[in-house]
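Chemist: Structure of the sequence below:
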Amino acid sequence: MKNKIEKINNKLSNLFEVEKKPHKILYEAINYSISSKAKRLRPLLTLLICEAYNVNLDSSIDASIAIELIHTYSLIHDDLPCMDDDDLRRGKPSLHKKYNEWLAILTGDSILTYAFELICNIKNLSHEKKIKLISSLSKYAGKDHLIAGQVIDLMSENSNINFETLKFMHVNKTASLFICAAEFGAILCDATKSDFENLKLFAYNLGLAFQIRDDILDENSTTKDLGKKIKSDIKKNKSTALTILGLEKAKNLEKELYDLAYNHLSKLSINTQSLNDFIKILK
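Modeler: You can find the predicted model right below:
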């Protein structure tokens, strides 16, 4: 997996060359954000699916990176003072702390829009597949998924929400881009209808389990470990899996979700060893 992450990082590092333009500070801010130390889980998932179907990774890398760009934009905006107001991201100052708020907003906007431009410019990919990728990304990054989750997250500050609302938030704010990554792999590989659905359900359960684990780690880790502020949700009086379920039930739910993810992998028509290994690095 390490070589795939290196491919992703190399592609990202050459995506936005800082030229002598009047607005070069924007390019500097973009590179500051995308060069951060990150796990690259979402693009990695797409590439692992493509590898399992024996699809050339060189033709899939740009599509996978488009998802990482959406993820990065969402983190930039999430850290803004008007939202979560976080000073630290991926072990270094948040973009609005490194530069300023207006540049952070415009940088996020630039990364968001470029994700779709990147897909449009993929070589040796049919127009039909490009349309499917754009449709998937715009859906999961949009008003009823990623943004919907963010709305609920901000509305939940200083209020008690029930588990169903928390689940809605986690599925949309976190799991949605994992589902999108799985859909990207399925689209690029011409997966059967059955495989397509099982890949989506695998990613749904995986993404939700990942966020439950994040809730647990937020209570039991250090800022150095996570590269971001800890216990920020508790300080803002937000509900989490721990505050609603308690530690033991939250851990049990996490395990159940990972088991469901494994179960959906077992139904696929491909060798899923690398995807099983992917689950292990998240646990």
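
Chemist: which stretches of this protein form strands?
Modeler: Ranges of strands within the chain are 88-89, 92-93, based on DSSP state E.

Chemist: could you give the mean pLDDT of the last one?
Modeler: Averaged over strand 92-93, pLDDT sits at 94.

Chemist: Could you do the first one as well?
Modeler: With pLDDT averaged residue by residue, strand 88-89 scores 92.

Chemist: Which strands and helices lie in contact with that strand?
Modeler: Applying 3 or more Cβ pairs under 8 Å, 6 or more residues apart in numbering; DSSP states H and E, we find strand 88-89 packed against no helix or strand. For the C-beta atoms, the positions are set from N, CA and C on the backbone; glycine is no exception.

Chemist: what about it, distance to the chain center?
Modeler: Computed by Cα atoms, centre = their mean, to the nearest Å, the chain-centroid distance of strand 88-89 equals 16 Å.

Chemist: That strand - which strands sit beside it in the sheet, and in what orientation?
Modeler: Strand 88-89 sits in its sheet next to strand 92-93 (antiparallel), going by DSSP bridges.

Chemist: quick one: the partner strand to chain centroid distance?
Modeler: Mean-position distance between strand 92-93 and its chain equals 19 Å (Cα atoms, centre = their mean).

Chemist: Same check on stretch 150-166?
Modeler: A distance of 20 Å separates the centroid of the chain from that of stretch 150-166, by Cα atoms, centre = their mean.

Chemist: Enumerate the positions of it that are buried.
Modeler: 150, 152-153, 156, 161, 165-166 (16 or more other Cβ atoms under 10 Å).

Chemist: tell me the most buried of the strands of the chain?
Modeler: The highest average neighbour count among the strands of the chain, using mean count of other Cβ atoms under 10 Å, belongs to strand 88-89 at a mean of 20.

Chemist: got a list of contacts for stretch 236-245?
Modeler: Contacts with stretch 236-245, where a contact means Cβ atoms under 8 Å, 6 or more residues apart in numbering, come from 84, 153, 156-163, 166, 170, 211-212, 215-216, 218-219, 233-234, 250, 253.

Chemist: Return the helix or strand in the protein with minimum mean pLDDT.
Modeler: None of the helices or strands of the chain scores lower by mean pLDDT, DSSP states H and E than helix 223-226, at a mean of 53.

Chemist: So which bits of whichever helix in the chain runs longest are buried?
Modeler: Scanning the chain for the longest helix, with DSSP state H as the assignment, gives helix 193-220. The neighbour-count check on helix 193-220 (16+ other Cβ under 10 Å) flags 195-196, 198-216, 218-219 as buried.

Chemist: what does stretch 139-150 give?
Modeler: Residues 139-141, 145-150 are the ones in stretch 139-150 that count as buried (16+ other Cβ under 10 Å).

Chemist: I'd like those residues laid out as TSV, including pLDDT and distance to residue 11.
Modeler: Output for the buried residues of stretch 139-150, formatted as TSV (pLDDT from 0 to 100; distance: Cβ to Cβ, whole Å):
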residue	pLDDT	distance to residue 11
139	99	24
140	99	21
141	98	20
145	98	25
146	98	22
147	98	26
148	98	30
149	98	27
150	97	27
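
Chemist: Can you tell me which of the residues you listed is nearest residue 112?
Modeler: Distance to residue 112, by Cβ to Cβ, is smallest for residue 141 among the buried residues of stretch 139-150, at 7.6 Å.

Chemist: since we're on the nearest residue to residue 148 once chain neighbours are set aside, how many residues are nearby?
Modeler: With sequence-adjacent residues excluded and distances taken as Cβ to Cβ, 6 or more residues apart in numbering, residue 148 is closest to residue 172, at 4.8 Å. Residues near residue 172, counting by other Cβ atoms under 10 Å, number 23.

Chemist: rewinding a little: out of the buried residues of stretch 150-166, which is nearest to residue 182?
Modeler: Of all those, residue 150 has the smallest distance to residue 182: 21.1 Å, by Cβ to Cβ.
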